[in-house]
Each structure stands twice: as C-alpha cells, then as structure tokens.
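Engineer: requesting a structural model of the entry that follows:
(chains A, B, C and D)
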4 protein chains.
Amino acid sequence: MKKLSVIAWNENVHEQVNKVVKEIYPGGIHNAIAEGLRNQDGDGLLEVSTATLQEPEHGLTAERLEDTDVLFWWGHRAHNEVVDAIVDRVQERVLQGMGLVVLHSGHFSKIFKRLMGTSCGLKWREAGERERLWVTNPGHPIVRGLGDCIELEHTEMYGEPFGIPVPDEQVFISWFEGGEVFRSGCCWHRGNGKIFYFRPGHETYPIYHNGQIHQILYNAALWAAPQGAWSGVMNAPNVPVEHAREKIRRKGESLHAEGEEGFK
Amino acid sequence: MKKLSVIAWNENVHEQVNKVVKEIYPGGIHNAIAEGLRNQDGDGLLEVSTATLQEPEHGLTAERLEDTDVLFWWGHRAHNEVVDAIVDRVQERVLQGMGLVVLHSGHFSKIFKRLMGTSCGLKWREAGERERLWVTNPGHPIVRGLGDCIELEHTEMYGEPFGIPVPDEQVFISWFEGGEVFRSGCCWHRGNGKIFYFRPGHETYPIYHNGQIHQILYNAALWAAPQGAWSGVMNAPNVPVEHAREKIRRKGESLHAEGEEGFK
Amino acid sequence: MKKLSVIAWNENVHEQVNKVVKEIYPGGIHNAIAEGLRNQDGDGLLEVSTATLQEPEHGLTAERLEDTDVLFWWGHRAHNEVVDAIVDRVQERVLQGMGLVVLHSGHFSKIFKRLMGTSCGLKWREAGERERLWVTNPGHPIVRGLGDCIELEHTEMYGEPFGIPVPDEQVFISWFEGGEVFRSGCCWHRGNGKIFYFRPGHETYPIYHNGQIHQILYNAALWAAPQGAWSGVMNAPNVPVEHAREKIRRKGESLHAEGEEGFK
Amino acid sequence: MKKLSVIAWNENVHEQVNKVVKEIYPGGIHNAIAEGLRNQDGDGLLEVSTATLQEPEHGLTAERLEDTDVLFWWGHRAHNEVVDAIVDRVQERVLQGMGLVVLHSGHFSKIFKRLMGTSCGLKWREAGERERLWVTNPGHPIVRGLGDCIELEHTEMYGEPFGIPVPDEQVFISWFEGGEVFRSGCCWHRGNGKIFYFRPGHETYPIYHNGQIHQILYNAALWAAPQGAWSGVMNAPNVPVEHAREKIRRKGESLHAEGEEGFK
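Structural biologist: Below is the predicted model of the structure:
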C-alpha cells in the first residue's frame, strides 16, 4: 500500500529569533512534529517530510502538493508573509481532498481564515497555566489511545468566543486554570477535504515533545487522509443543450455566445 | 419600531451593455429588486435603497454599512472589479450580524467565496428551460406564503455539484427540465450574521419582476435581519493575568512582552 | 400583536418529597420559571402559564399544545412517568414549529432523547462547585443583555462527553471548579421547530431565582418562538400519476393499489 | 486484517406475499444485497451475512450485534413488527460506533426514526418513472467509481419535503421524470456511529440487481465501518468529589446520597 505523504510546514521564524524557542525546538517546530509523527508510526503508514516559509514557494510547489495527502500548518508571527498564490494552491488541494491540520496560532493563518470565512479570533493569555483537554467524542479516530482527557501543565490560554463556523465534529474542549474554556479540537469538511484544528502548541513550552500530543497528531493524519479526489473542484463547466440528460431545445435569450466561458 | 435598512446592491454592468438585459431591466436589476421588496412591504417594515459598483466605494461606505441590516448582492460579469477593501468591510459587517442575501451568479462573487471558503462552482446551461423550486422545509420563514413549489418557465440551469459547505438549513432544491438538480435556497450562519443564497435570477429572463420571487426576497430580508450585534467580532483581545476569572500567577516563559499585541 | 403562549412544564416531584427543594421552590420550579419570565417581560410579549405531570394528560392536551408557542421542560426523577402518547404529541408540535427549551436534568427526558436520537448521557457531580458559562457567540439573541460570561457560585457539575448530535449553534460552554467542561447552551432545528438545551438548574440551589438565568430563559422564549408552521409534518402523501407536475404515464408494476395508504 | 462484519437485514415480507416481488427477488432482498456486496468485494474486505425479522430476536442477538461493523436495513410493510428492545439494541450499537445503512422505505423504520428524531416523512408515487441521482460531492468515498450521476429507468418516486435533520454530508440528490426532487443520499454522525440513508430500492423493480447500486452499497459499507468504539456511550457516570481533577470540597446541599445512581 502506498504510504500517506505528510508535510509538516512551519514558518520557522521564532526558532531563529527567540532564544527560549530556539532552546526548546533547536531543529524547529516542523522537525519536532515530523519526528513525533515518525515515532508513532510503528505501522509504517506515513512518509513524513517538512517545508518552511523560507524555501522557494514556501516548499509547497504545485508538484509537491499534488502528491501530498495531509499538510500540517504551523504559523504565528509571519502569517502575512505567506504569498496569496500559495494560499490559493493549498486551498484548491484541500477542496480536492487533501487533509489539513492547523495548529495553535495557525487559527490566524491565511489558509485557515480562507477556508473558514470567519474572523477566527479568540481571547488569549500567556501565563503558563494548566490546560485540560476533554474528549467530547470517545471513540473518534482522532482520540484513539487516549483516556477521557489530557493535561498540559504549562500552556498559553485561548478563550471563547472562537470565531469559527460551527464544527462538523467536536473532538476536544479545553478547561483552563485561569477560568476560560475553548473548542480545542474541531473538524470540518470543505469540498472533499478534511480540516482539523488543534489548539495546543505554544512555542515557549515543549508541547510538541509530548507523547500524547504526538499520538493525537498521528491520529489526525490518518483521519484527514483523502478517501477520494474531486480533481475538478474549481471548475464551473457549461453543459451544452445537446448534452442535457433530458432532451430539451433552446428557448429564449442568452447572455453567453455558444461555447463562451462563464464569468468568474 | 425602527425600520430595517436594506440595500439592493448591483454591479449594474449587463444593463448598460446588453440590449436584452436593458430592455428587461431598464432601471437596473437593483431597482427591480428594491421595487419588489417595497411592493411586498405592506407592513412598512423596510427602508430599501440601492447601491452599485460604479458609486464611490461601490456605494458601501463604512458609515452606510454600519446602519445596514440586510444587503442583497447581485454580481456577474464584474466580480473582480469589486475592491478587496470593500469585501473586507462587508465580511466584517456580516460577522457582526448584518444579513446577506446572495443572488444567482453571485455564487462567484468575492464576498460569497470569502464567506464560504470553498470553490462555489457549479454546472450551468443557458437554454431557457423550466425550473421548479421545491420547498424542503415548509413553514420556514423564507417560504411564508408559498405552496409546495414555485415554477419558472424560462431559466438558466445551475447543476450540482455546487461547491459549498453543507448548508445549516436547506430551503429550496431545484428540478430542471434538462435533467439536473440544484440546492437553490441555502442558509448559513457565519459569526453572528445570516446568509441566504437564492439561485433564480438570470438577467435575460424577467425573474425579478415575478411576484413569487418578490415574496421570497421579502421573506429573506426579514429572516436575515440581525437579532443582536457582535461588534468586536474581529478582535483577539489579550486577557492579562490579573484579570483572569480564577486567581493564577504567571508561570514559565512568554513570547509577548507585557501588553504587546498578538500576531495576526 | 398576539402574545406568545408559553408553558413552564414541571414534573413537580422533588418539591413534594425533598425538604431542601421545597424550601427553595415552595411554589414549584414551574412557578419560579414562570415568574422569572414574567419579570423580564416588560414589553408584554408573553402569556405564561404552567403545567405539571400530575394534571390530566400532564396538562398538555392536544388543544392546549396546539395554541402553545414555546414549551419549557423540567424533569428529573419522573422521566419515565411521562406517558408516551404525550411525548408523541409534544414531538409532533415541535416538528410543526413549537419551540422547546429543555432544562438541566431534562437531558434525560423522553422528549429530549426522542428529538436527539442519541444517548444524551453525561458525567455529573453534586459538590456545590462554581460554574462559569462562557458565551461562544456574542450577539446571539439568547445572550442579549449578558456580558462575556455568567457565574454561578453553587451548581451541580455536568461534564463531557455529552451524548448529543453536534448542535446547530453553540451558545454557552461551561467551566467547572472541579476541572470539567460542558456544552451548556445548545441549539438545534428539528422539522420546523427550534430546540434550546440549557444546563443550569439543580433543584438544591436557587438557580431559578437568579436574574441572569431569567434573562436567558426569556431570550430563549423569544428565540424559540415559531416563525411559521409545518402543519402536515407527520404526513407522507401519495402524489397520483395524474397530479405529477410533469406529464408522465404509469410504467411497470406497483406494490400499492390505486389510492392505497403507504406503510408506516 | 480482520474482515468487516456486515449484516444485510430484511423484514422479508413482500417476497413471501407478493408475486411480483417474489419473482424479482426469489432469495429475498437480503440475499440480493449480500450477493451484491460480495460481488464488489474483490479485495476480500467484508464478511457478509444476512438476518431477517422472522428469526429469533430478528437475527440480531446482542452477541451478534457486538461483532457487527455495518448493518444494512431493509423494511417496508412490517416496521411495527420490529420489537422495541431490538431497536434499543441497534441504536446503542450505532451510538457506540457500528455503521448503519438505511435503504429506501426504511425511512419509516423504527430505528431510523429513533436516530433522526424527526418525522422522516416524504411524498411518494409508484409510476415506474425515471430517476437520476446526481453526485453532490465527487470524490466522497461513497461515490467511488461512479460518474457525475446514475440513472434508474424505473423507480418509485420519493419527493421533498423529506422530514430529516439537515444531513452532515449530502452525497446524492435525485431528479424524477414526474418533476420532483429528493435528497437521496444523506450522511449523519450520531454518537460514534455513521449513518447513510440511500433512497433507491423499490421491491417491484430490480434495483438491487444493478451493478452501480452494488458499487454504492459496497462503498457505503467501507465508509460506515467503525474507526473506534465508544463502549460506554449509554452511561452517565457520577464523578465523586475526591476524584475531581481539580481539588474541591463539597459545598451546599445534595439531592443524591453518596454513591447513589442518577435518575434516568
């Protein structure tokens, strides 16, 4: 069986400029995620690679994306440096069927805002407080191997209201020591693609060295993997009268000349 | 009671350049819609005005939008002439609570694609064929006053697959003489705003002079009217440690300096 | 304008047998709810009455339900004493368009389980702990007049997983002192009716004497009010060949004789 | 890899009493479905068996259901002969994670109405007319191997409004020769289980001998297969104060004695 092709993408900025982050993730968050996925992959189902903002085309060429099954997205400080043409390309691939896992501060990434259509805003606080992620659907493939919750001793708080469309499936809701709650694990279908937003991950805490987080990311990769392809998802084809399934004849006026493209 | 402030917006291009369209809509589609809404408004609930692409800021200044309860959107040929800053503005108002009714070819408008996050594509054919819109939820406020379906003798066909997120409520599904079907009346909630997509409306047929269509548009205006406001929907406020609802103390490292803005 | 007809229904059992509950709600929880609604109703929009399990037909005759716009449901100990024929009747009215507000332990009522189709289970603990209900959609009509959260000093805890279909709209999520979270305010559409589940309300705490709770219940009554009616929602009508909208002739074999009823 | 255990269930009544049906399905519809699934199963992924209403416990003992991954449901004339205890059992297994595929007239089966919570009603006509099922999400696993639609020359018509909760995913919408439309392929998640409703199948037409129908049923079996288990889905566990994740002490009055069961 062909392995699932997975990319861990990272803007890779804080690791270069912030001493604390550099110490926690000397190889960059993308490599911590990639290693976490590989560690979980005893069955050899994944082929994991990385890509970063600084590479040509952010490491996401059309050819490479064409072969990608699931894309993990980490961004925070440099959302606006991601060029729109690459966002277009990722969006098209998601709508065709590629899985997308958006992490933590990626809630404000261009690609997530593009796919949600909403503000994607939230409350936040950096106090290193305790977070407990409750499983709201035991037996969901993304929580395989977990108990009824997981605890993280030091996290950044994200609080409601979270400006998202109602999730198709709710997987986690978080409790915070300081008194807030947050929809921390949310699933959507868009086009033929699956999207998972997963909250934990602040870069000044070693979240991506945590085995339970690795387990969830691995489960999410398998869940988000394409089960089919809608290759022409961006098309808007004309159906000529003579190809109508039921026999009809043209009646009345037209705006378009025969065979003319529609407006986009 | 304050009347609902409604704008019928139109790119107003085909009416200027296409003889057939000009004859059917000599005052422009925006005025046909506005008159239809006024004709239905025996109870005096609406204050209807129009706006077009050609006006400064497309007639949609921040001040005017601030006071707008429901916006009707007609566009077809000039989607790309709508400037992005106005799209941003309309999106923000929808997320705050303004209603949006997107008509026919508006499926490919920037604002609809922005709010949906999907391709918004479909199949199409101009053959003046018969369309029958079936009510899928009798008693829904948008179908008030209708029977179990409405028929339009000459319409452009739109066919599935329609590249949209699953609607929150399905109101109409269309049957076409040539053999296709289409989700013709779809409702979504985004942020605090309501969105209704309504399919009929090709500009070479007198769809917007039809009383049943007027009835539906009027119902849609009432349905989409705001029932509250989320004025800060685009914000992402920091909650300082000392304002946490439960007493906590700062633990561990931070990425942000005290009081610093988050990244967007 | 005709007032909205609202019933506060209560099984009214604990108030009779439990000293603590009797002291807190000497007139029964139904009257506390009814008074709370009336106190909020400065605009005179509601006509509020009560009904209890002990009345003939539980106080919910067909005639009375026919005239009811919104039904509040409190039950806990006597869910199984509600007769199925009344549950059928309430379900039909909800599908036609009547609003239903299910309170606290009503999550295990027959009518709620009937409309959800799921387990409706949850975790629970009676420790009088603090609960904070966060608003997840500011500007939603149900949170009108509230800030970003409300706090209840002493409540029973309900914890996830809550065995419900994904809500159409999420209005509140709760934080509990003991470390759990819960989807405390959830909206669904079923048929033409609106359903709101609202968590707070344990009978050994004076929850229904709290003004903020009254505000929410009042808002919920207005939100859940019918905006139309689907009177034949339980029908499955045959469409005779000669009444088909498109001219067809009968082809092939039939299971049913002409005019025979379908199987149910 | 363990094969998926699939049961094709049939009330098996019309095949005994109706000459036309007996000729088309001499082995019963359950065997036609089972053979169709086996024919598609070149990869040997399924273990298919059958069960009928007439068997003890309708062939659905607790032990057998415990081992079942996907259940196909055919019923029409004898919905009310299915005993409620078996419906409870099937519902519990679906909520735990078992897949359920409900066919045609099964829209009025007890198990489907139970899981939907709505009327499940529709319009119908037996005229042997043409039906065309349009794919609304190309690339969905259930439409694998199909083109943009499938055509059935002779079918019973089902028309909107269909009394269901809005589907989580729409896979097919039907066009009928007589002028109606219908949501013919609908997906829902309930608890941890997946449900697929598939419209075609009238017993006086050889629908279940059609290869494209076999393909869809096979795809549906793979789609609906469990990806995890929520074994305690019907539980409502008490969490004792001393087991709270955050240290709390009991405050205020309780309704339940220590260790007492909750009310159901």
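Engineer: please list the residues of the stretch 1-150 of chain A that sit near chain D.
Structural biologist: By C-beta under 8 Å from any C-beta of the partner chain, the part of the stretch 1-150 of chain A that sits against chain D consists of A:96-97, A:132, A:137-141, A:143-144, A:149. Using the backbone N, CA and C atoms, a C-beta is placed for each residue, glycine as well.
Engineer: mind checking which of those residues land in helices?
Structural biologist: residue A:96 (DSSP state H).
Engineer: got TSV for the residues of the stretch 1-150 of chain A next to chain D, with neighbour count, pLDDT and distance to residue D:78 too?
Structural biologist: Compiled in TSV, the residues of the stretch 1-150 of chain A next to chain D are given as follows (neighbours: other C-beta atoms under 10 Å in any protein chain shown; pLDDT from 0 to 100; distance: C-beta to C-beta, whole Å):
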residue	neighbour count	pLDDT	distance to residue D:78
A:96	23	97	44
A:97	23	96	41
A:132	22	98	49
A:137	25	94	34
A:138	21	93	35
A:139	22	91	32
A:140	25	96	35
A:141	16	96	36
A:143	26	97	39
A:144	16	96	39
A:149	21	98	45
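Engineer: so of the residues of the stretch 1-150 of chain A next to chain D, which two are at opposite extremes in space?
Structural biologist: Pairwise distances across the residues of the stretch 1-150 of chain A next to chain D peak at 36.5 Å for A:96 and A:132 (criterion: C-beta to C-beta).
Engineer: from chain D, how far out is the residue nearest to the spatial centre of chain A?
Structural biologist: Taking C-alpha atoms, centre = their mean, the centroid of chain A lies closest to residue A:101, which sits 2.6 Å from it. Here the criterion is C-beta to the nearest C-beta, to the nearest Å. By it, residue A:101 lies 17 Å from chain D.
Engineer: what bridges to that residue?
Structural biologist: For residue A:101, the beta-bridge partners are residue A:72, residue A:196 (DSSP bridges).
Engineer: show me where chain A has helices.
Structural biologist: In order along the chain, chain A carries the following helices (DSSP H): A:14-17, A:19-24, A:29-40, A:62-66, A:84-96, A:110-116, A:211-224.
Engineer: quick check: residue A:152 touching residue A:207?
Structural biologist: Yes. Counting by C-beta atoms under 8 Å, residue A:152 does reach residue A:207; the two are 6.7 Å apart.
Engineer: need the overlap of contacts for those two.
Structural biologist: residue A:200 (C-beta atoms under 8 Å, 6 or more residues apart in numbering or on different chains).
Engineer: which of the residues in stretch A:35-50 are buried?
Structural biologist: By 16 or more other C-beta atoms under 10 Å in any protein chain shown, the buried positions in stretch A:35-50 come out as A:35-38, A:40-41, A:45-48, A:50.
Engineer: ok, residues contacting it?
Structural biologist: Contact with stretch A:35-50 is made by A:3-10, A:28, A:30-31, A:34, A:59, A:208-209, A:211, A:213-215, A:217-218, A:221-222, as judged by C-beta under 8 Å, 6+ apart.
Engineer: where are the low-confidence patches of the stretch 151-264 of chain A?
Structural biologist: Regions of the stretch 151-264 of chain A meeting the criterion pLDDT under 70 are absent.
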